[in-house]
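Asks: Sequence and predicted structure, then a few things I'm wondering about:
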Amino acid sequence: MICSRGDALSRLPLAIIFRAFGASIREHISRLGASIREHISRLRRFDSRTHFAPLALPLARTVTKRGARPFPTTRKVKPMKTAFAFLVTFILLAPLAIDASQKEKKPWSEWNQKEAEKILNDSPWGQIQNDTDTSEMFFQPTADPRTAGSRTPNSDARLARGSTNQATNVKYGIRFFSARPVRQAFIRMIQLRQKDLTPDVIERMKNFAEMPANDSIIIAVTIEGTDKRSLGHVMQLFNSASSGTLKNTSYLERNDGKRIFLEEYVPPGKDGFGARFIFLRTTNEELFLTPQVSDVRFVADLGAEVKLNMRFKVGEMLMDGKLEY
């Protein structure tokens, strides 16, 4: 994970932190006071006694530079008091920042279900595409045009699978399976569900989750649905697809328009990881994704009823300060 500022601060002697912080605050207050006095001098409305704008006077008094001639006032507010207040706030908030950084370093083997699901469904490496079909939301009698006449509104798909008379939703989980955080989240979900795993199985899972991907970019797609009939049809499309049928309609596209097309397709299996779309990691002996790429889009067309399209921000795919995909 990325080393946070809180970690760096925690390694410095406390006295050095206090001196640096206090000096920074005093310099900031000095500059702010000079800036406000300059702006006040340009205002048209002045107080006859102080020659300053009445509404700006309290603020000017607060940020008066230490040692400079104070504005006419019955009370002086010393900059050092303000600096001390900032310093106290810093001391109180520093432990919270350190605690937050420690939470970010939490090992994947200690993630709870919510943390693992966030990596899979709402992270730089995993997103959800929701497709809702409202064409059968209202009741219509199912009838075959061969027997009911040409005016029947039913489609061939409705005749083949039957009517639902309600909106149906299919949810596609689209993830960079070659990225270690995604595999770690998948494995962690399995570990949370199955408490009786043997040490040997746990070790093999750990190796699988932490193995870097050097040769390919793998996009895994899981499918879930609210209606068994529509879900069954979508699963049939994924199971019957092949590398040959998807080779020209599945690709990764960078923000500069450059594409890399599908190298291999693996249908969904019993492992629960979903269908796998495999792409080469390099093109023309150059990495397809680099830190200079801002985003990449995954596209897969399995027919009129299944079109996958998801964009990922490459700059956020960082693990231990390095690009991970």
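Replies: Thanks, I have it. Residues are numbered from 1 along each chain as shown.

Asks: switch to C-alpha atoms for all contacts and neighbour counts from now on
Replies: Fine.

Asks: show me what contacts the closest residue to Val314 other than its chain neighbours?
Replies: In space, and not counting its chain neighbours, Val314 is closest to Asp295: 4.8 Å by C-alpha to C-alpha, 6 or more residues apart in numbering. Contacts for Asp295 were tallied using C-alpha atoms under 8 Å, 6 or more residues apart in numbering; they are 254-255, 311-315.

Asks: if you set the cut-off to 10 Å instead, what comes out?
Replies: Going by C-alpha atoms under 10 Å, 6 or more residues apart in numbering, Asp295 touches 253-256, 289, 311-317.

Asks: likewise Leu231?
Replies: Residues near Leu231 by C-alpha under 10 Å, 6+ apart: 168-171, 223-225, 237.

Asks: so which of those residues would you say is closest to Ser216?
Replies: Ile223 (22.6 Å; C-alpha to C-alpha).

Asks: how about the strands of the protein, start to end?
Replies: 122-123, 126-133, 168-176, 216-225, 250-254, 259-261, 264-266, 275-280, 282-283, 286-287, 295-301, 307-313, 318-319, 322-323 (DSSP state E).

Asks: Ok, which of those strands comes nearest Ala241?
Replies: Closest among the strands of the chain, using C-alpha to C-alpha: strand 264-266, at 8.0 Å.

Asks: Can you list the helices and strands that the closest one packs against?
Replies: Contacts defined by 3 or more C-alpha pairs under 10 Å, 6 or more residues apart in numbering; DSSP states H and E place strand 264-266 against strand 216-225, helix 228-240, helix 243-246, strand 275-280.

Asks: one more time with 6 Å, if that's ok
Replies: strand 275-280 (3 or more C-alpha pairs under 6 Å, 6 or more residues apart in numbering; DSSP states H and E).

Asks: mind listing what's buried in the strand it packs on?
Replies: For strand 275-280, the neighbour count (16 or more other C-alpha atoms under 10 Å) marks 275-280 as buried.

Asks: Give me the helices and strands touching that strand, please.
Replies: Using 3+ C-alpha pairs under 6 Å, 6+ apart, strand 275-280 sits against strand 216-225, strand 264-266.

Asks: Pull the residues that contact that strand.
Replies: 216-221, 262-268 (C-alpha atoms under 6 Å, 6 or more residues apart in numbering).

Asks: at 8 Å what do you get?
Replies: 215-222, 238, 251, 260-269.

Asks: Tell me which strands it pairs with, and in which orientation.
Replies: strand 216-225 (antiparallel), strand 264-266 (antiparallel) (DSSP bridges).

Asks: which residues does Ala116 contact?
Replies: Contacts here follow C-alpha under 8 Å, 6+ apart; on that basis Ala116 touches 185-186, 188-189.

Asks: Repeat the analysis, applying 6 Å as the threshold.
Replies: Contacts of Ala116 by C-alpha under 6 Å, 6+ apart are Ala185.
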